[in-house]
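*Asks:* The following block contains a protein sequence and its predicted model.
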Amino acid sequence: MTLDRLASGLDARITVVDSSSPVMLRLMEMGLVPGASVRIEKRAPFGGPLELRVGGYLLSIRLDEAKKLTVET
């Protein structure tokens, strides 16, 4: 499943990152790498950004970027 489909409050582990864009490479530098634990803390309404907890800090990403991250619960 992709990260955009994960329910808020559930922990998941990133398995695959589609690193085909410079934005995704930057997110990988910020800790969104295969094997990292991630949790959606908040969702903005109307398809807005997601607030994630990754490695002890909060990170907001666009919904389109979350669709490029495959996770498992």
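*Replies:* Looks like it came in fine.

*Asks:* Now do the contacts for the residue most central in space within the chain.
*Replies:* Geometric centre of the chain, nearest residue: residue 66, 4.9 Å, by CA atoms, centre = their mean. Listed by CB atoms under 8 Å, 6 or more residues apart in numbering, the contact partners of residue 66 are 2-4, 50. To be clear about C-beta, it is placed using only N, CA and C from the backbone, and glycine gets the same treatment.

*Asks:* would CSV of the residues you listed with distance to residue 36, neighbour count and pLDDT be doable?
*Replies:* Below are the contacts of residue 66 laid out as CSV (distance: CB to CB, whole Å; neighbours: other CB atoms under 10 Å; pLDDT from 0 to 100):
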residue, distance to residue 36, neighbour count, pLDDT
2, 15, 13, 94
3, 11, 22, 94
4, 16, 19, 93
50, 15, 21, 95
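
*Asks:* Dump these to JSON lines, plus distance to residue 72 and secondary structure.
*Replies:* Formatted as JSON lines, these follow (distance: CB to CB, whole Å; DSSP: H, G, I helix; E, B strand; the rest coil):
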{"residue": "2", "distance to residue 72": "11", "secondary structure": "strand"}
{"residue": "3", "distance to residue 72": "11", "secondary structure": "helix"}
{"residue": "4", "distance to residue 72": "15", "secondary structure": "helix"}
{"residue": "50", "distance to residue 72": "17", "secondary structure": "strand"}
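
*Asks:* Report the secondary structure element holding residue 53.
*Replies:* Using DSSP states H and E, residue 53 maps to strand 50-54.

*Asks:* quick revisit: pLDDT at the residue nearest to the centre of the chain, what is it?
*Replies:* We have a pLDDT of 94 for residue 66.

*Asks:* how close does it sit to residue 73?
*Replies:* 15 Å (CB to CB, to the nearest Å).

*Asks:* so what does the lengthiest helix in the chain touch, helix or strand wise?
*Replies:* Longest helix in the chain, counting residues (DSSP state H): helix 22-29. With contacts defined as 3 or more CB pairs under 8 Å, 6 or more residues apart in numbering; DSSP states H and E, helix 22-29 has these neighbours: strand 11-17, helix 63-66.
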